[in-house]
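Trainee: quick one, what's the 3D model for this:
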Amino acid sequence: MAYLINLMYHALYETKDELDALPIHERPYAVSTQRFHQQLEQIKRLQIDLLDPKLLLRPGLRLKKNTVLITFDDGHISLHKYALPLLVQHQAKALFFISTDWVELRNDFCNWANINQLKEKGMSIGSHGKTHRFLSLLNQYESSIELRESKKRLDQKLNQDTRFLSFPGGRYKNRDIKLAKLHGYTCIMTSSIGKVQDPSPLEALSAMPRFTVHSKVGDTSFQRIITANPGYIMQKKTAYLLKKFYRRLIGDKDNHDTAPIIKA
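Mentor: This next block holds a predicted model:
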């Protein structure tokens, strides 16, 4: 039976100086351009399909073979500078989740011209919240504002009906899924671990899992992810649950994840 594996990336870098320029908490999640290129080649070599995100919006989508979807969170400038040319080179499409306030507040993030160019090249753009605050820490009114205002800004700036959403930090409550659908999002992704088994129809899913591709994911681990190795998935699910337990012990954080990345 066919499966879908959703991959989650953040920033890319080409030089050590670029890596060092990232905030400390973002560096472990950054992937080198060389490694990203190798991973695209690995997907092709294993004859795994790369999914165009737009197909997720089609009701009743059924997969004919094992498939991978590439997603990027936040909106770092490296996604326009490095990810876009590599995706175009490999004739691949990806889904970019943007925290809309960061577009105008952070110099190291994509601006609206960059994001429009991503869209013009066939990439899909979704919401990653307004301020990147974790929805699980907000009350219902605040969470609603995060979802509504981010979608409104993307709709205006990109002349689109924004349907994709990923929760900042993967933190959300059940009420946030209901709020997201109320505001017009129809494809929602989180940071939980797992594969989507022959999604039919995808709209029945409350939120789709993804695998984080970070600096410690080597070639062997990456192959286990994209081939949906059962033992590896179980291992990573266990690590994910331990990470959630760690958060509960230290108390959730307002802006950034302080839990350690567990080596793949």
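
Trainee: could you look up the SS state of Ser144?
Mentor: With DSSP: H, G, I helix; E, B strand; the rest coil as the basis, Ser144 sits in helix.

Trainee: burial measure for it, as a count.
Mentor: 18 (other CB atoms under 10 Å). No exception for glycine: its C-beta is placed from N, CA and C like everyone else's.

Trainee: isn't it right up against Leu179?
Mentor: Yes. Using CB atoms under 8 Å, Ser144 makes contact with Leu179 at a distance of 5.3 Å.

Trainee: phi, psi for the residue nearest to Ser136 when sequence neighbours are not counted please.
Mentor: Leaving aside its sequence neighbours, Ser136 sits nearest to Arg171 (CB to CB, 6 or more residues apart in numbering; 4.0 Å). With angles defined as degrees, to the nearest 10, Arg171 sits at phi -100, psi 120.

Trainee: show me what contacts Arg171?
Mentor: 134-137, 252 (CB atoms under 8 Å, 6 or more residues apart in numbering).

Trainee: and it, what's its pLDDT?
Mentor: pLDDT for Arg171: 90.

Trainee: show me where this protein has helices.
Mentor: 16-21, 33-45, 78, 84-89, 100-105, 112-120, 140-158, 174-182, 219-226, 230-250 (DSSP state H).

Trainee: deepest-packed of the ones you listed, please.
Mentor: Highest mean neighbour count among the helices of the chain (mean count of other CB atoms under 10 Å): helix 78, with a mean of 25.

Trainee: which residues touch Ile233?
Mentor: If you count contacts by CB under 8 Å, 6+ apart, then Ile233 has 193-195 around it.

Trainee: for those, which one is nearest Arg58?
Mentor: Lys195 (19.6 Å; CB to CB).

Trainee: what's the burial count for that closest one?
Mentor: Lys195 sits with 19 neighbouring residues when counted by other CB under 10 Å.

Trainee: quick one: contacts for it?
Mentor: 3-5, 209, 228, 233.

Trainee: out of those residues, name the ones that lie in strands.
Mentor: Judged by DSSP state E, strands contain the following of these: 3-5.

Trainee: just these now: which is nearest Cys187?
Mentor: Nearest member of these to Cys187, counting by CB to CB, is Leu4, at 11.9 Å.

Trainee: how near is the residue nearest to that closest one when sequence neighbours are not counted to Leu46?
Mentor: Excluding the flanking residues, the one nearest Leu4 by CB to CB, 6+ apart is Val196, at 4.1 Å. As judged by CB to CB, to the nearest Å, Val196 and Leu46 stand 18 Å apart.

Trainee: how about Val31?
Mentor: 19 Å.

Trainee: among those two, which residue is more densely surrounded?
Mentor: Neighbour count, other CB under 10 Å: between Val31 and Leu46, Val31 has more, with 21 against 12.
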